[in-house]
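> With the input below, show me the fold.
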Amino acid sequence: MASIRLFRRVCADGQHCSVRMAMVVSWRRRSASVFAVGLLLCHAHLMRSALETWQSDLTVWRHAADIAPFKPRVALNYGVSLMQAKAYPQAVAQLIRAERLTHAGHVPAWDRAITRRAAVKNLTALGVIR
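Predicted coordinates:
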C-alpha cells in the first residue's frame, strides 16, 4: 500500500497515474503467483517423498529403523511388521536386536520392560525361545 501512495504523490498532476498503479498491482500479483507456485512445488516434492515412506507399516518402520537405529521400540515394531509380511528370518533378527537394545542405558525403565516383554513374547511365538 505504501508504494501505491507513493505513486499517487509522484503523479499528482493526474497523468499516467492509473498506468503506474496498474504496473505496481500487476507486479505484486505476479510475484505472489510465482511465490505460490514455488510453494506448491516444494509441498508436492515433500508429499511425494513422505508418501513413499507411508506406503505400508513395513516401509514406515523400515524408515524409522534407519533414522533411529538405537531405539528398541522401533526395532520391535519393525520386527512385528516383518512378521506380518512373513519375512521371518529378518523378523527374528529385528526382535533379537530389540531385546538386546533394551539393555542399553539410554532406554527408560518403562520402555525397557514393555519392549523386552513384547520381544520375548514374539520370539517365543516364532519358536526361537522356548
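> State the phi and psi torsions of Gly105.
phi -70, psi -20 (degrees, to the nearest 10).
> what about it, how many neighbours?
5 (other Cβ atoms under 10 Å). Glycine gets a C-beta too; all of them are placed from N, C-alpha and C.
> Please parse the chain into its domains.
What automatic domain parsing lists as the domains of the chain is 2-52, 55-125.
> Report the buried residues of the host helix or strand of Glu99.
Assigned by DSSP states H and E, Glu99 belongs to helix 88-101. For helix 88-101, burial by neighbour count (16 or more other Cβ atoms under 10 Å) applies to 91-92, 94-99, 101.
> buried ones in the helix or strand containing Arg117?
Applying DSSP H and E as the criterion places Arg117 in helix 109-125. For helix 109-125, a neighbour-count test (16+ other Cβ under 10 Å) marks 111-112, 115-116, 118-120, 122-123 as buried.
> With stretch 58-66 instead?
For stretch 58-66, the neighbour count (16+ other Cβ under 10 Å) marks 61-65 as buried.
> just those residues now: which is nearest Leu46?
For those, the residue nearest Leu46 by Cβ to Cβ is His63; the value is 14.5 Å.
> Tally up the residues packed near the closest residue to the closest one other than its chain neighbours, please.
Nearest non-adjacent residue to His63, counting by Cβ to Cβ, 6 or more residues apart in numbering: Thr53, 4.7 Å away. Look at Thr53: counted by other Cβ under 10 Å, it has 14 neighbours.
> ok now do the residue nearest to the spatial centre of the chain, which residues does it touch?
For the chain, the residue nearest the mean C-alpha position is Ala50 (5.7 Å; Cα atoms, centre = their mean). Shown here is Ala50, which makes no contacts under the criterion Cβ atoms under 8 Å, 6 or more residues apart in numbering.
> name the element it belongs to?
Counting by DSSP H and E, Ala50 is found in helix 17-53.
> Past that helix, which element shows up next along the chain?
For helix 17-53, the succeeding helix or strand toward the C-terminus, using DSSP H and E, is helix 57-67.
> Great, nothing more from me.
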